[in-house]
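Colleague: Build me a model from this:
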Amino acid sequence: MKLKINGKEYSFKFGVKFIREIDKNIPLKREEIKFRLGLSAKVLPELKAGNVNTLANVLYYA
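Modeller: Presented below is the predicted three-dimensional model:
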């Protein structure tokens with residue numbers, strides 16, 4: 001995916017590596033146990049809610 005921001009073009013890849021990075025860096029925590037379900041349990045709901053910080057993190061990891 002390519003995105004133009006302030007006249008500069010950036011490339012993003014949302015593949016398996018992206019999913020692994022999201023799950024590793026944004027884990028779901030329950031009772032001090034980390035589950036690698038960050039994409040489905042945290043990121044997608046926050047994106048649907050319009051969280052701009054989450055969008056920035058997603059683009060960073062892509």
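
Colleague: mind listing what K4 touches?
Modeller: Y10 (CB atoms under 8 Å, 6 or more residues apart in numbering). C-beta here means a position set from N, CA and C on the backbone, and glycine is covered the same way.

Colleague: Who does it form a beta bridge with?
Modeller: Legend: beta-bridge partners of K4 under DSSP bridges are E9.

Colleague: Tell me how far stretch 24-34 lies from the chain's centre.
Modeller: 15 Å (CA atoms, centre = their mean, to the nearest Å).

Colleague: make that stretch 49-62, sorry
Modeller: On CA atoms, centre = their mean, the centre of stretch 49-62 falls 6 Å from the chain's centre.

Colleague: Give the buried residues for that stretch.
Modeller: Buried positions in stretch 49-62, judged by neighbour count with 16 or more other CB atoms under 10 Å: 54, 57-58, 61-62.

Colleague: Other residues contacting it?
Modeller: Identification of contacts with stretch 49-62 by CB under 8 Å, 6+ apart yields 1, 3, 10, 12-14, 18, 21-22, 25-26, 43, 46-47.

Colleague: Buried ones among those?
Modeller: Buried among the contacts of stretch 49-62 by 16+ other CB under 10 Å: 22, 26, 43, 46.

Colleague: would you list these in TSV and tack on pLDDT?
Modeller: Below are these laid out as TSV (pLDDT from 0 to 100):
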residue	pLDDT
I22	84
I26	78
V43	81
E46	83
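
Colleague: Throw the residues you listed into TSV and include distance to I33, thanks.
Modeller: Converted to TSV, these look like this (distance: CB to CB, whole Å):
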residue	distance to I33
I22	18
I26	15
V43	19
E46	21
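
Colleague: how about the strands in this protein?
Modeller: Taking DSSP state E, the strands of the chain run over residues 2-5, 8-11, 28-30, 33-35.

Colleague: would you turn those into TSV with mean pLDDT?
Modeller: What follows is those, written out as TSV (pLDDT from 0 to 100):
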stretch	mean pLDDT
strand 2-5	90
strand 8-11	93
strand 28-30	72
strand 33-35	68
